[in-house]
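> Provided below for reference: sequence and predicted model.
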Amino acid sequence: MIWALNESGKLTCKIAYNHLKEKEKIQDTISFDWQIIRKLKVVPKIKIFIWKLVLERLPSSDYLSRFCKIQRSSCHVCGKESDSINHILFNCPFAQDFWLKVESAASCIFKYKTSWCKGKWFEESENLEKESGEVLTALIAGLWNLWKNINNCLFRGKGSSINSLLYRSLAEVNFSKGITNNETDTLGSMQGCRDSESRRFPNEGTITDSKTNL
């Protein structure tokens, strides 16, 4: 057998890996204004989380099973369906109840919460932001806290209540109001933001930029 993608005709792990990565890039190319993420008034780790979310690269077992031989697990919150990102953040009964409360608190309706489209929800929420204030930040804070909750269920065997996640999400929204674009781009200013009195969370734990204690 001759491997046409290599001049020597030999198949190597490196050549096969690069071929698959290039093929993946072509298939997953999306049209998205990445400047939206850069301009978000949130801490850098949440920007990275959103970037991976838009690219559908968050490490759920459903995603990891594409690259290695692992057993897909069911949702660690409801236990009914596989832990795909779509299910964890939108379709899980726990997530749906959570979004209803976020909608009530933010006085808006997220039309995209039951169907996933790469980057589409970002564009829609940005339009809502112009009319309803901190809608985009509320959405991002909600996604971030849902993701942390599923990880706490998986690695610590204990999740948080919907009200607790809602409170943390609203705290993130209030915290973001004090962040300027320059502050989010420097580590030094983030240290000052961490000490801000506006960032308060439930008594069951605290969240910092370097460690999560729940």
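That came through fine.
> burial of Ser161, as a residue count?
Other residues near Ser161 come to 13 when the count uses other CB atoms under 10 Å. From N, CA and C alone the C-beta is placed, and that goes for glycine too.
> should've said Glu81
Around Glu81 there are 15 residues (other CB under 10 Å).
> With adjacent residues omitted, what lies nearest to it?
Leaving out its chain neighbours, the residue that sits closest to Glu81 by CB to CB, 6 or more residues apart in numbering is His87, at 5.0 Å.
> Give me the pLDDT for that neighbour.
What the model reports as pLDDT for His87 is 87.
> where's Phe49 relative to Trp144, distance?
6 Å (CB to CB, to the nearest Å).
> So those two - more neighbours on which side?
The neighbour count for Phe49 versus Trp144, taken as other CB under 10 Å, is higher for Trp144 (23 against 19).
> check contacts around that one.
Counting by CB atoms under 8 Å, 6 or more residues apart in numbering, Trp144 touches Ile46, Phe49, Ser169, Glu172.
> can you do 10 Å?
Contacts for Trp144 (CB atoms under 10 Å, 6 or more residues apart in numbering) come out as 42-43, 45-46, 49-50, 53, 89, 165, 168-169, 172, 207.
> ok so, going back, close enough to count as contact, the residue nearest to Glu81 and Ser74?
Yes: counting by CB atoms under 10 Å, His87 does reach Ser74; the two are 9.4 Å apart.
> Now for the two: what residues contact both?
Common neighbours of His87 and Ser74 (CB under 10 Å, 6+ apart) are Lys80, Glu81.
> which of those two has more neighbours?
Between His87 and Ser74, counted using other CB under 10 Å, the more crowded position is His87 (21 against 13).
> before we move on, back to that, what do Phe49 and Trp144 both touch?
Val42, Val43.
> ranges for the strands of this protein?
Counting by DSSP state E, one finds strands in the chain at the ranges 206-207, 212-213.
> pLDDT (mean, whole number) over the last one?
Strand 212-213 shows an average pLDDT of 42 in the prediction.
> just stretch 13-27 next, same as before
Averaged across stretch 13-27, the pLDDT comes to 67.
> what do you get for stretch 66-74?
pLDDT averaged over stretch 66-74 gives 72.
> Check stretch 56-63 too.
81.
> buried stuff in that stretch?
Using 16 or more other CB atoms under 10 Å as the burial criterion, the residues of stretch 56-63 that qualify are Leu58, Ser60, Ser61, Asp62, Tyr63.
> need these in a markdown table with distance to Ala138, can you?
Formatted as a markdown table, the buried residues of stretch 56-63 follow (distance: CB to CB, whole Å):
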| residue | distance to Ala138 |
| --- | --- |
| Leu58 | 20 |
| Ser60 | 23 |
| Ser61 | 28 |
| Asp62 | 26 |
| Tyr63 | 26 |
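> ok, of the contacts of Trp144, which come out buried?
When the contacts of Trp144 are checked against 16+ other CB under 10 Å, the ones flagged as buried are Val42, Val43, Ile46, Phe49, Ile50, Leu53, Leu89, Leu165, Arg168, Ser169, Glu172, Ile207.
> Now the first one. Nearest residue, chain neighbours left out?
Translated: Val42. In space, Val42 is closest to Ser176, 5.7 Å off (CB to CB, 6+ apart).
> Show me where this protein dips below the pLDDT cut-off.
Low-confidence segments of the chain (pLDDT under 70): 1-7, 9, 22-32, 70, 72, 110-133, 177-214.
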